[in-house]
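Trainee: predicted coordinates and the sequence they were generated for:
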Amino acid sequence: MSGSSNDSKRTDEVKERLVNLWDEIQSPSFLYSARQSYIISNFGGDIPSFQKVQSFLNQTGAYDWAKKKWTRLDGRGTNLNVEMQCILTKLVRRLGSRGMRVFSLLPRFHDVVLETRLDFEENWAVRTTPDLVVIGKGKNFKDAVPGHKIDAFLWSSHIERTSGVVMVRTDVDFDNAHDKILLEATYYASECFYEQGNRIFFHVVVVTNSRVQLLRFDRSGCLASPATNIHECPGYFMQCLLLLSTMKDTVLGFDKMITWKGYSRFIETENLEKKDVKYRLLNPILYFDHSACKAVTQRAGELWVNTMLLAVHGVEGVGQVLGYEEDISLYNRRGHSCIDENFEDRPASSSSSPSVMQLRLIGTSGTVEFYTEMFP
C-alpha cells in the first residue's frame, strides 16, 4: 500500500473515531463536575506543596502578587502557547520529577462532520494533536529505541511516554467552542489509553488567557473541575500542571500492576491458585473486548467470560486463562469517599457505553500470552 493510501486510511480512521467519541460525549453519564480541590486532594498527594509552588513563583518572577496577575500569560494564539510552554518547562525542571520533559507539537487538524444538535450537522476542524505534552521515563513508560531518530514536533514520537497534555486556548474558544475542546481532550485521552495500555486515568489541562480547567478521564467518562481564574488562584493553576509531571503512578493514573522494563511489559497479579505471580506479556498491545463480553453475558445470563474459560481449563486446543480479577470498579479508584454529591457510578444498565465494572483476564493462546480487560 502506498504512503498516500496509508495516510488516507489513517485519516478515515481518525474521523470515524472522532464521530464515535462525539456520540460517547453526548451520554448524560459521560461528564461529571467535581469541586475545584477534588482531583488534586484525592490524586495529587505526592505533588509539591503550595508553599513550594509559592517559592517557585517568587524565584522566577512569573507572577505579580501585588497586581494578582501572571507577568507573561497575556498573549494570544501562538504567543500564549509559547508563554505557557516557558512556564511549564520551568515548573517541570524545578518541581517536577527527574527526567520529565516538555514538548510543543505541530498542530494537526481533521475536518469531521458531527451532528451537534438534533437533525443538524456541522463541519468542525478538530485539532488531533495537543499543544504541549509532558513526557516521562521509568517503569510506567516504554523505553525509547536507542539511535532511533524522531521528530520532536510530532505526537507520534512521544505518545508512548506521554504523562499528560496541555491544551492552550483563548477565552473566546473556551466560552464559544467548549464542546469542541471536550472532544479534542477526549481524543487525546483515548489515544493514550490505546497506545499505552496501562492507564487507569489520564489528565488533560485546559489553559486560556485567564482560566484553567482540569479534565480527568477514565474508561467510563470524565471528571471536570470548574474553570478557575489563574490570576486569582496561581497556586491551584501550578498544582494542576504538576499533576502531569510526577513519576508517581497513583498520580499519573498508571496501573501499578503493569510495568515496563526496557521494551518488555510485565503484569503482576494472582494465578488461579491465588498466589502472586508476574507475567511477561509477549504482545504489548492491550486488547479490549467489549462486544465479546457483552455477547457472552447476554447468552449465559450473569456468567462472565472467565467462568466460561475456567469451565474448559486444560482442554487441548482452547485458549487458557492463567489468572483473573473481577469487580474492578473505576468508581472506587476515583476516590468516591470525597466525591461531589452529583457524582455517581455509571449505571450498569447503560447501553450507550461500558459500565465501570470490569473483568481483567490473563491468558494464553498457544505460545502467545494476552492481557485483556472486558466490560459488560
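Mentor: Now that the structure is in, tell me what you want to look at.
Trainee: avg pLDDT for stretch 132-140?
Mentor: Summarised as a single mean, pLDDT over stretch 132-140 is 90.
Trainee: now it - C-alpha only, CSV.
Mentor: The C-alpha coordinates for stretch 132-140 follow below in CSV (Å, rounded to 0.1, in the frame of the first residue of the first chain):
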residue,chain,number,x,y,z
LEU,A,132,2.0,20.7,24.8
VAL,A,133,3.0,17.3,26.1
VAL,A,134,4.8,16.2,29.3
ILE,A,135,6.8,13.0,28.8
GLY,A,136,8.4,10.8,31.3
LYS,A,137,10.6,7.7,31.7
GLY,A,138,10.8,4.8,34.1
LYS,A,139,8.7,1.7,34.8
ASN,A,140,5.5,3.2,33.6
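Trainee: buried residues in that stretch?
Mentor: 132, 133, 134, 135, 136, 137, 138, 140 (16 or more other C-beta atoms under 10 Å). Every residue, glycine included, has its C-beta placed from N, CA and C.
Trainee: the second one sits in which helix or strand?
Mentor: When elements are assigned from DSSP states H and E, residue 133 belongs to strand 132-135.
Trainee: can you check residue 180 too?
Mentor: helix 178-196.
Trainee: from the contact counts, what lies against that helix?
Mentor: Applying 3 or more C-beta pairs under 8 Å, 6 or more residues apart in numbering; DSSP states H and E, we find helix 178-196 packed against helix 3-25, strand 120-127, strand 162-168, strand 201-207, strand 211-218, strand 221-224.
Trainee: between those, which one is closest to residue 234.
Mentor: Nearest to residue 234, of all the helices and strands packed on helix 178-196, is strand 211-218, at 9.8 Å by C-beta to C-beta.
Trainee: ok and the closest one relative to strand 162-168, angle-wise?
Mentor: 140 degrees (axes from the mean of the first three to the mean of the last three C-alpha atoms, to 10 degrees).
Trainee: next, residue 145: phi, psi?
Mentor: phi -80, psi 120 (degrees, to the nearest 10).
Trainee: now do the same for it: its pLDDT.
Mentor: 72.
Trainee: tell me the centre residue of the chain?
Mentor: With distances taken as C-alpha atoms, centre = their mean, residue 202 lies nearest the centre of the chain, 2.7 Å away.
Trainee: that one contacts residue 192, correct?
Mentor: Yes - contact criterion C-beta atoms under 8 Å: residue 202 and residue 192 qualify, at 5.3 Å.
Trainee: report how many residues lie close to residue 263.
Mentor: Residues near residue 263, counting by other C-beta atoms under 10 Å, number 10.
Trainee: residue 151 versus that one, what's the distance?
Mentor: 21 Å (C-beta to C-beta, to the nearest Å).
Trainee: what do you get for residue 74?
Mentor: 31 Å.
Trainee: residue 166 now?
Mentor: Taking C-beta to C-beta as the measure, residue 166 falls 20 Å from residue 151.
Trainee: tell me which of those two has more neighbours.
Mentor: Just comparing residue 166 and residue 151: by other C-beta under 10 Å the higher neighbour count belongs to residue 166, 24 against 11.
Trainee: got the angle for the helix holding residue 180 vs strand 162-168?
Mentor: 160 degrees.
Trainee: what angle do helix 178-196 and strand 120-127 make?
Mentor: Using the same axes, to 10 degrees: helix 178-196 against strand 120-127 is 50 degrees.
Trainee: my read is that residue 224 contacts residue 31, right?
Mentor: Yes - using C-beta under 8 Å, residue 224 is in contact with residue 31, at 6.1 Å.
Trainee: which one's more surrounded, these two?
Mentor: residue 224 (20 against 15).
Trainee: touching stretch 86-97 from outside, list them.
Mentor: 48, 52-53, 56, 60, 62, 70, 72-73, 100-102, 132, 134, 136, 166, 238, 241-242, 245-248 (C-beta atoms under 8 Å, 6 or more residues apart in numbering).
Trainee: where does this structure have low pLDDT?
Mentor: 1-9, 75-78, 147-148, 271-272, 282-376 (pLDDT under 70).
Trainee: please redo it, this time with the cut-off set to 50
Mentor: 1-3, 286-303, 330-359, 365-376 (pLDDT under 50).
Trainee: which residues in it form helices?
Mentor: 3-25, 38-43, 50-60, 78-95, 171-176, 178-196, 234-242, 249-252, 290-299, 305-311, 330-333 (DSSP state H).
Trainee: which parts of the fourth one are buried?
Mentor: Meaning helix 78-95. 80, 81, 83, 84, 85, 87, 88, 89, 90, 91, 92, 95.
Trainee: this protein - how does it break down into domains?
Mentor: In terms of domains, the chain is parsed into 3-252, 263-374 (source: automatic domain parsing).
Trainee: just these: most buried one?
Mentor: Burial among the domains of the chain, expressed as mean neighbours by mean count of other C-beta atoms under 10 Å, is greatest for domain 3-252, which shows a mean of 18.
Trainee: and that one, how far from the chain's centre?
Mentor: 9 Å (C-alpha atoms, centre = their mean, to the nearest Å).
Trainee: ok so, going back, quick one: the residue nearest to the centre of the chain from residue 255, how far?
Mentor: According to C-beta to C-beta, residue 202 and residue 255 sit 12 Å apart.
Trainee: what does residue 201 give?
Mentor: Residue 201 is 10 Å from residue 255, by C-beta to C-beta.
Trainee: residue 237: what's its closest spatial neighbour, skipping adjacent residues?
Mentor: Of all residues not flanking residue 237 in the chain, residue 230 sits nearest, at 4.3 Å (C-beta to C-beta, 6 or more residues apart in numbering).
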